[in-house]
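# Okay, sequence plus prediction incoming.
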Amino acid sequence: MDLPRSVAYDATSPAIPPLATVMAAFKEAGARKRSMTNGSEDTAYEREKQREKEKEMMRQERIRERMPGRKATGKAKAGDIDAVLDQIKDEWEFVIDPDFNNVDLALSLLDDSSSGKDIESFRQTKVMLSNALKGSVDKHHKAFANALPHHAALLNHLGLAQTQIQQSKAALLEAKEALGNKRADLVQLWSRGQLLEEMMRLLDQIEHLKSVPDTLETLISEKRLLQASVHLVRNLKLINKPDMQDIGAVSDLRSYLVGQENALREILIDELHNHLYLKSFWCETRWADYKPNQTAFPKVEFENELSAHPSPNSTTYPPQSPSPPKSASSRLSRYLNSLALRPNDPPHDLSEISFHSSTSFQDRSSSSPPFPQSFSSNINLAGLGTSVSQAPQLDANPEADSFAYIETLLESFAVLGKLGSALDIVAQRLQGEIYSLVECTLDEVEERTEESKRVSLFSAASLGRRSEGGYIFVANDSIGASVVPSIPANGVLLRTFSLRLAALESSTKQVDQETLKDFFWTVYSKLDAVTQGLRVVCEVANRIGSRKDFKDSSGAKPGSLFPLADVWLPIQAEVRTLLYDYLTDEEQSSVAGRNPISSINEILREGRFTRDRQKSVFRFADTDMKSTGKVLRRHEDELTRVLRDTMPGLVHNSADSAVQATLSTVGTDDRLLGVGQHHRLLINPDAFHVSVLFQPTLAFLNRVTEILPDGVESARSASGVLDDFVLKVYLPQLEERISELFHQAVTSPDAFQYDQMSTRFSPKPIFRATTQLMALINSLCAMLRTTPFHRENYSRLIVGVIIQFYQRCSDRFQDLVSSTTSIIPDSSLPLVLAAQWAQKPELSPCLAELSVTPETSTVIRRQLCRQETHLELSYLGEAQITKHLVSSNRNLAGLCGLYRSVAWFTEELNALKSVPEGALSPTTPAAQLDFTDVMTPFTPSAFPAFLSGTHDEQLSLPLSREMAMRFGALLKTYAQLAEIILHTIRIDIRCRTIHYLDAAMRLGNYNIDHEAGEPDPYIVDLNNEISKCNEFVSAAMLKEEHQFVFAGLEDLMEHLLISNARHVRMANGFGARKIMRNTLALQQSVRNIGDDQQHAEFERAKSYYSLFFLTPQGLLDSIRQNQTFAFDEYKTILNLQCGVDQSMGEADAAKFAADRKYSMYLIDLHGLELESSTDTS
């Protein structure tokens, strides 16, 4: 409230009564106003005031929001209007309150009490506000002045707009009245407009149809076949409308489009076959050629292509798709996952295109649904109506992803309504396409084979094999290994499992095996890619057929568009044919699969002929075409005449004989014979190729099992091809071949002669039959490693060979130990004495213990030798060993070689039995190799990596538990045979010693009158025999065996020299010295045997015969002092001293004794014996 300065309240002036009266009136009025505001008598007035207050607050808030400069920032300069406003807000904020009461403010300003307001502050604020407003006006007066004309202009425009609205309203009213009246001319104009519009639409359609051929050809040339199909079908619908039927200008175009439909269908079929059967250049990455040492399918380049850069027709795979049950990482699995995750909507819109104006076709069809990314992420179908150059250029060829391209082709067939018929064509041409695929592969492999043959001179080193003497020495089983040296370096022997039989593993067949591997691995890689493509066709066709609006001209049911189980059968048949072609040898007549016509020899040989349905009765190619033409000419002319009369134009006059052409075609094309299509052979068929073909075939069947859906079981039944062949052809031929090789090995003239090649892997030479049989078994075990099927049957063949060889070795032993002096014809020859004693139950344990007793146990060995001597002499008794009871030197040498061969063979068989017994069951893999069951046909459920293991490892013979027990018993039998042979050799040498020493004592002359310069002739013969025996044993046996054979021989000789003195008829001093000379000769001979016999001194024999030079009384005195020998031995010396003829009886000997005191000496000797026996007791 602005008061004049003259009447301003002064606190120091005295009170004026009129002013007090005025103040009282103001207070009363304020109280009355407050009572009216706060009272309850006028509620409506209160509510109204409240609403006004709220409106004012909202208005003030909007002002603050719109004028942020008015907000208190605390940074305004003194004197600015903002600073003044901030001060007012801080000190006088209540004045802007909507409920502000100026009377209350005036009263509080006049009130000089402490509760009043400071009027000076109020005045100063007012002055400051006035000055700030004046400054703002002075500063912005031009803007205020300029705003006035703008305000006036705005008012003028508002007035003008009001006038125009009024005029428009009047015009609308007039138009309403005019339109309310009926006019006939407008109806005519409307009808004419509709006609013109229809004509324009037809002209637009005709204009569009004129551009269809160029657009269609461009799309086809760019391989955008789905877009071409959609474009063609849309325009066929357009050109076949009733309103277009009467337009003659488009009849040629209609015929063109119909022809293009058939042409496009043929193009689609060709493209589909190109990608299914790998004819396209873009399919080269889906399969791989064979690489040397390949044991599994390699990862092809097609699998490495990532979906990060999709081609225009490629499928974009989701980063995390659900893992399929089989082979989750393959390109096919990723594609099928992507296919299952995408919505099953048709990637095209065949709805009618409207041509209601001259707007471009591209703009009008932009509302059509675009193609999914799997078909064309960059293709705009709207551009089909205009120039194709307007479409975006593709960065990659649509054929780069075969799976997506196949899907595109099938969608194109579905657009054309020809999906069912196209799939029927695919199924019909499948067999022929597979045949062509195999033929193409044959050409490729044949070219590579010819190239490899040109460098075959260097292939021997790369094969890691060397064939010598009927054997092959391999460094390992893989090709490309280092060559085994012919002669071991530095005395290091070759490992026996590197020995192979050349008859089974000829190095000349290695090139053929490589060719076979090249062909089958390559063709299986292609068939694997073909099978993947067929799976894609099946899945996509079923997906398309499951759509609600699917329609096909063939009328095929959606679930049976492409039965994969039926489609797989031709591929299976082709695989079966290839296997039979390369496994079946026509010359052996095992299987007549490749012989299309039964021969007369087969009919005569079988007697009762049952026709083989796989063989033709006759062939058109075998007919005489000239005679056939003469006979059929008349019938052919009559047929031609009838056809010309009934259907002119069908038969041309210039056509050749149709019948002859048909017969010629049928006669020269084996594919029309109905007996199976056969290809030319790269190598000669052989049943033993099954070991080469098994691995790629099983790998292929494994891949097929992964590719085909779970419901298709025919892939597993395809493994029956190999299983049936193995049982019916391979195993019988293998058994026959093994039997033939076995008989060749054991019946050849040099079968039991030393094999010079054996010194490369054995420290001593062994028989040729043994090395050949071991090489045969190694070859069979190596083959078993690569052919893990029917192991029990296979192992039974190997065990059968081992059993037959044992029988042959046993027969050989019997021949060597049989006496040759039997005069009884056709009777079993008696065995030599050594063979008889070697099988005595009392002697065998003694010799067995001696063989295992170490050399350091000298006392035990000597005791065992004395026990053996005692047993042998007890067997002999008083009989004599004649010459025919001792083996000949030749037979003894044969026994030595036979023992070493049998012992070496047994050791090698033990090495084959290196598989733990727990892994010997038929279903348990050997050496952790996942073989299939031997009792049942194998299934390709899980092809293991058993062929990629280490080739340098020891060969093993996987056996079932029963076969393992039988094999163990067989090894024990071999060990027993070797033991008997060794014991026979030892005993035979001892029998020779007994024979010659007995002959020397019985037949030698020791009553001579001069000094003997040479030993007895029998002693010389014995020394010669021992020397020869030492040569035989040293040449064939190891050091330990050599020591065992001659161990204790000096003890036997010494014992015989003493005990056989009773056979000396008479002896004198010269005779005794002759015996001493014999002893020295024997001592030297024994010492020449080996280092272990150097301690032979014959001290006991020398001491015994030195007693001869004593007097009889001196002999008795020496006995009294030290009784070293037995009573009979002392008696013999006494007889010789007294000149007793020991050939006579005791009664006659005493009468004719040279010393008359003989009887007295004999009585004293008996007395000494009695005393000795008494002392002992």
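Sure, I can see it.

# can you list the domains in this protein?
For the chain, the structural domains run 82-97+105-146, 158-277, 278-302+398-459+494-589+679-712, 1110-1176, going by the TED database.

# how near is residue 540 to residue 1154?
According to CB to CB, to the nearest Å, residue 540 stands 126 Å off from residue 1154. In short, each C-beta sits where N, CA and C put it, glycine included.

# The stretch 251-400 of the chain: helices as residue ranges?
Applying DSSP state H, counting those that start in this stretch to the stretch 251-400 of the chain gives helices spanning 251-276, 301-304, 331-341, 361-364, 373-376.

# follow-up on the earlier one: between residue 540 and residue 1154, who's got more neighbours?
residue 540 (25 against 12; other CB atoms under 10 Å).

# still on that earlier bit, tell me which of the domains of the chain is the most buried.
domain 278-302+398-459+494-589+679-712 (a mean of 19; mean count of other CB atoms under 10 Å).

# Show the average pLDDT along that domain.
Domain 278-302+398-459+494-589+679-712 carries an average pLDDT of 82.

# do the same with stretch 739-754
On average, stretch 739-754 scores 87.

# what does it rub up against?
With CB atoms under 8 Å, 6 or more residues apart in numbering as the test, stretch 739-754 has contacts from 501, 503-504, 765-769, 772-773, 776, 801, 804-805, 808, 812, 894, 897-898.

# Please repeat the previous calculation with a cut-off of 7 Å.
Applying CB atoms under 7 Å, 6 or more residues apart in numbering, the contact partners of stretch 739-754 are 501, 503, 765, 767-769, 772-773, 776, 801, 804-805, 808, 812, 894, 897.

# one step back: make CSV from the helices of the stretch 251-400 of the chain and add distance to residue 159 to it.
Output for those, formatted as CSV (distance: least, CB to CB, whole Å):
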stretch, distance to residue 159
helix 251-276, 66
helix 301-304, 80
helix 331-341, 68
helix 361-364, 45
helix 373-376, 62
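
# Nearest to residue 119 among those helices would be which one?
helix 361-364 (79.7 Å; CB to CB).

# Neighbours of residue 792, how many?
Neighbours of residue 792 (other CB under 10 Å): 16.

# Isn't residue 830 up against residue 819?
Yes. The pair residue 830 / residue 819 is scored as a contact, 4.8 Å apart, by CB atoms under 7 Å.

# one step back: which one of the helices of the stretch 251-400 of the chain has the lowest average pLDDT?
helix 361-364 has the lowest average pLDDT among those, namely a mean of 38.

# Report the mean per-residue pLDDT for the longest helix seen in the chain.
Criterion DSSP state H: the longest helix present in the chain is helix 961-1003. Computed over helix 961-1003, the mean pLDDT rounds to 91.

# okay, the angle between the following helix or strand past that helix and helix 961-1003?
Per DSSP states H and E, the first helix or strand lying C-terminal to helix 961-1003 is helix 1017-1036. For helix 1017-1036 against helix 961-1003, the angle by axes from the mean of the first three to the mean of the last three CA atoms, to 10 degrees is 160 degrees.
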